[in-house]
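Visitor: got a structure for you, letters missing:
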């Protein structure tokens, strides 16, 4: 009886480990609570590793040795597989390459409303040479302060925004700053009035007025809380639909990792036809949320995505601003046109 129970527990553990390691294969990557757990793959890897060590110690007891060793094999394999996934996406790079005449630098930072000083946002954007700045949870009033401060620092920007209703705080607003060097932009009407947008929190779709330059989407998808799971899935589907052309740049708080997006990827893209700049340049495994935990155990839910008209040449997640007020880290990427 004891042996049968051990076999059953080992099999169940192996199934659970497989689901958490390869959630997309089981079509559970967007299902509660798997979606929440896999957001923190580094912690999964550590958890499986610690459990493997515990069972290795238990193997010293002869009556449970066979069971304990079988559990060690399952747990160690799961830990190694999760660690390999994180490592393949990148554990961090410290610098961006030198900017070129054609490069575009994109910064996204969920500012958590008034928690982050607009002057600091501006200083960071200018220091990083950002030409597109996506600011979820930022009102247009704050966004204009950032734009004015950037102008005074020698980097003028146009401020655009979308706002949904009377939110209890600044999560109901998303601001997008774009340099005049990329031409004139305007937020499309369906994005502004919410008729075609993410469902709970606003995203801003800005089109070049002069017909040149990329389509720019400042993203804020709802978080996958139990009550919002379907709305979260709908947001990811809508965002995937925005990345159908070859000249699209999306940046913001997706409240999703690559694992959650993969179901909506087409033609080799991570989400729609878009590729993830951080994962393509060594930072895809670095957590952007929350600043309360080290970056290598956090969730990489803030992204810059781009379609085939662009390629990634570098990225960096800024750790030095963890005490700035926001619970998100800024992500900055450098893109080059492919033609």
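Guide: Cool, the structure landed. It should be emphasised that the depicted structure is a prediction, and the values quoted were computed from it without experimental measurement.
Visitor: and the helix or strand harbouring residue 7, what does it pack onto?
Guide: Secondary structure from DSSP states H and E places residue 7 in helix 2-21. Judged by 3 or more CB pairs under 8 Å, 6 or more residues apart in numbering; DSSP states H and E, the packing partners of helix 2-21 are helix 34-37, helix 41-58, helix 65-89. To be clear about C-beta, it is placed using only N, CA and C from the backbone, and glycine gets the same treatment.
Visitor: residues in contact with the shortest one?
Guide: Meaning helix 34-37. Helix 34-37 has contacts (CB atoms under 8 Å, 6 or more residues apart in numbering) with 19, 20, 23, 28, 29, 44, 224, 229, 260.
Visitor: could you redo the last one with a cut-off of 10 Å?
Guide: 16, 19-20, 23, 26, 28-29, 43-44, 47, 223-226, 229, 232-233, 256-257, 259-260, 299 (CB atoms under 10 Å, 6 or more residues apart in numbering).
Visitor: still on that earlier bit, now the helix holding residue 7: mean pLDDT?
Guide: Mean pLDDT, helix 2-21: 88.
Visitor: what's the answer for stretch 178-193, then?
Guide: Stretch 178-193 comes out with an average pLDDT of 94.
Visitor: got the buried residues for it?
Guide: 178, 179, 182, 185, 187, 191, 192 (16 or more other CB atoms under 10 Å).
Visitor: Dump the residues you listed to JSON lines, plus secondary structure.
Guide: JSON lines is the format used below for these (DSSP: H, G, I helix; E, B strand; the rest coil):
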{"residue": "178", "secondary structure": "strand"}
{"residue": "179", "secondary structure": "coil"}
{"residue": "182", "secondary structure": "helix"}
{"residue": "185", "secondary structure": "strand"}
{"residue": "187", "secondary structure": "strand"}
{"residue": "191", "secondary structure": "helix"}
{"residue": "192", "secondary structure": "helix"}
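Visitor: Any chance of CSV for the helices and strands packed on helix 2-21, columns mean pLDDT and mean neighbour count?
Guide: Converted to CSV, the helices and strands packed on helix 2-21 look like this (pLDDT from 0 to 100; neighbours: other CB atoms under 10 Å):
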stretch, mean pLDDT, mean neighbour count
helix 34-37, 97, 17
helix 41-58, 96, 18
helix 65-89, 95, 18
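Visitor: could these be laid out in JSON lines, adding distance to residue 208?
Guide: Listed next are those as JSON lines, based on distance: least, CB to CB, whole Å:
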{"stretch": "helix 34-37", "distance to residue 208": "35"}
{"stretch": "helix 41-58", "distance to residue 208": "37"}
{"stretch": "helix 65-89", "distance to residue 208": "31"}
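Visitor: between the ones you listed, which gets nearest to residue 110?
Guide: helix 34-37 (18.3 Å; CB to CB).
Visitor: For residue 265, see how far away residue 305 is.
Guide: Applying CB to CB, to the nearest Å, the value for residue 305 to residue 265 is 10 Å.
Visitor: Cool, thanks, signing off.
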